[in-house]
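Student: give me coordinates for this.
(one chain, ligands or ions: 2)
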Amino acid sequence: MARPYRSVLYIPAANARAMEKAQTLPADAIIFDLEDAVAPAEKPAARDALAAALTNDYGARAKIVRINGLTTEWGRADAHFCGALHRADAVLIPKVDSPADLDRVAALVPDTPLWAMMETPLGMLNAAQIAAHPRLEGMVMGTNDLAKELNSRFRPDRLPMQAGLGLCLLAAKAHGKVVVDGVFNAFKDDEGLRAECEQGRDMGFDGKTLIHPAQLAIANQAFAPTEAEIDLARRQIDAFEAASAEGKGVAVVDGKIVENLHVETARKTLDRAKAIAAMAG
Ligand SMILES: CC(C)(COP(=O)(O)OP(=O)(O)OC[C@H]1O[C@@H](n2cnc3c(N)ncnc32)[C@H](O)[C@@H]1OP(=O)(O)O)[C@@H](O)C(=O)NCCC(=O)NCCSC(=O)C[C@H](O)C(=O)O
Ligand SMILES: [Mg+2]
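Tutor: Ligands and ions are numbered 1, 2, ... in the order given. Alright, predicted model coming up:
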C-alpha cells in the first residue's frame with residue numbers, strides 16, 4: 001500500500017512552535033525547511049531546532065528535510081547533519097539541475113532516500129535523467145523559483161508552468177517516483193487553492209506542497225478519491241470479474257466499457273483510499 005502524499009506541509013526549521021504544532025496537523029508529509037524559509041543569520045540555529053524537533057512523534061507523517069544547496073555555505077553542513085541524524089525519511093535537495101547534483105548529496109547522506117526540488121530550467125530539461133536516479137524517491141515542483149527563472153507571470157490557469165509541470169510529471173511517472181505539485185502562495189484564498197489543487201489532481205500529481213495549516217483540508221480532499229470514484233471502482237472490478245467468469249474481456253458499467261486497464265486504475269483507487277484511511281488511524 002503506497003503512502004499518500006496529498007498534503008506536504010513546509011515548516012521553516014527556525015519555527016519551533018510550528019514544528020511542535022505539526023505533530024497534530026492532518027498533513028501526510030512535512031518538509032522541514034532549512035533553505036528559503038530560513039534567513040541566513042538563523043541557519044545554524046535552525047539546524048539545532050530541527051535536531052530537537054525530529055525527536056518529536058510525527059506519527060505516520062513522512063518527515064522530509066530540505067537542505068540548502070551544496071553550492072551555498074550551509075549545504076554541506078546540512079547534508080552532514082542529515083547523514084549523522086538518521087531521523088528523516090528523506091532529504092530534499094533544492095534547485096536540482098542534473099543527476100550529478102543528486103550524486104553529490106548521495107555521497108554525504110548514504111542511507112536516506114533523496115527527493116529533488118524541480119525548479120530550474122535545466123532541471124526541467126533533465127527531468128527524465130533526474131527521475132531515473134536510483135536514490136531518488138520523489139520530486140517536488142518549485143513553481144516560485146521556476147517562475148523567477150522563466151520571468152513568467154502568475155496566472156490562475158498556470159499556462160506558463162504547463163511545460164515544466166508536464167515534463168516532471170512524465171519523468172516521475174516513467175520511473176515510478178512520487179511527484180508533488182508546487183505551493184499556492186495566497187494562503188488565505190481558499191477558492192484559488194482549491195482550483196489549483198483540482199488542476200494538479202487532474203494532471204496526475206500525487207499531492208500539493210503547502211505553506212500554512214489552513215491549506216491542509218483542501219489539499220487532502222482534492223487529492224483523495226471521492227466517494228463516487230470509490231463506488232465506481234468497486235462496481236468496475238465486480239463487473240469485470242463477472243465478465244471474465246463468462247470468458248469476456250470487456251464489461252460495461254454506466255454505459256462505458258471496462259477493460260483490464262480500467263480495472264488496474266480501479267484497484268489503485270481502492271488502494272489509495274485504504275492508505276488514506278490508514279493515515280487517519
Ligand atoms: C506564511 C506564514 C509566514 C504565516 O505565518 P503566521 O502569520 O504565523 O500564520 P498564522 O498566525 O495564521 O498561524 C496560525 C497558526 O499556525 C501555525 N503555523 C503557521 N504556519 C505553519 C506551518 N507552515 N506549519 C505549521 N504550523 C504553522 C502558527 O504557528 C500558528 O500556530 P499557533 O501558535 O498554534 O496559533 C507561515 O505560515 C509560514 O512561515 N509558512 C511557511 C513558509 C515556507 O515554509 N516557505 C518556504 C517554502 S515555499 C518554497 O520555497 C517553494 C519552492 O521552493 C518554490 O520555489 O516554489
Ligand atoms: Mg524554491
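
Student: show me where the stretch 101-250 of the chain has its helices.
Tutor: For the stretch 101-250 of the chain, the helices defined by DSSP state H, counting those that start in this stretch occupy 121-125, 127-131, 143-150, 162-174, 190-203, 216-222, 227-245.

Student: make TSV from these and add mean neighbour count and mean pLDDT to it.
Tutor: Every residue, glycine included, has its C-beta placed from N, CA and C. Formatted as TSV, the helices of the stretch 101-250 of the chain follow (neighbours: other C-beta atoms under 10 Å; pLDDT from 0 to 100):
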stretch	mean neighbour count	mean pLDDT
helix 121-125	18	98
helix 127-131	21	98
helix 143-150	18	98
helix 162-174	19	98
helix 190-203	17	98
helix 216-222	20	98
helix 227-245	15	98
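
Student: what's the closest of these to ligand 2?
Tutor: Proximity to ligand 2 (C-beta to the ion) singles out helix 143-150 among the helices of the stretch 101-250 of the chain, at 3.6 Å.

Student: so that closest one versus helix 162-174, what angle?
Tutor: Interaxial angle, helix 143-150 versus helix 162-174 (axes from the mean of the first three to the mean of the last three C-alpha atoms, to 10 degrees): 130 degrees.

Student: tell me how far helix 143-150 is from the chain's mean position?
Tutor: Offset of helix 143-150 from its chain centre (C-alpha atoms, centre = their mean, to the nearest Å): 18 Å.

Student: do that helix and ligand 1 meet at all?
Tutor: Yes: Helix 143-150 comes into contact with ligand 1 (C-beta under 6 Å from any ligand atom), by way of Thr143, Asn144, Asp145.

Student: quick check, central residue of the protein?
Tutor: Val180 (3.0 Å; C-alpha atoms, centre = their mean).

Student: who in the stretch 51-200 of the chain is up against ligand 2?
Tutor: Glu119, Gly142, Asp145 (C-beta under 5 Å from the ion).
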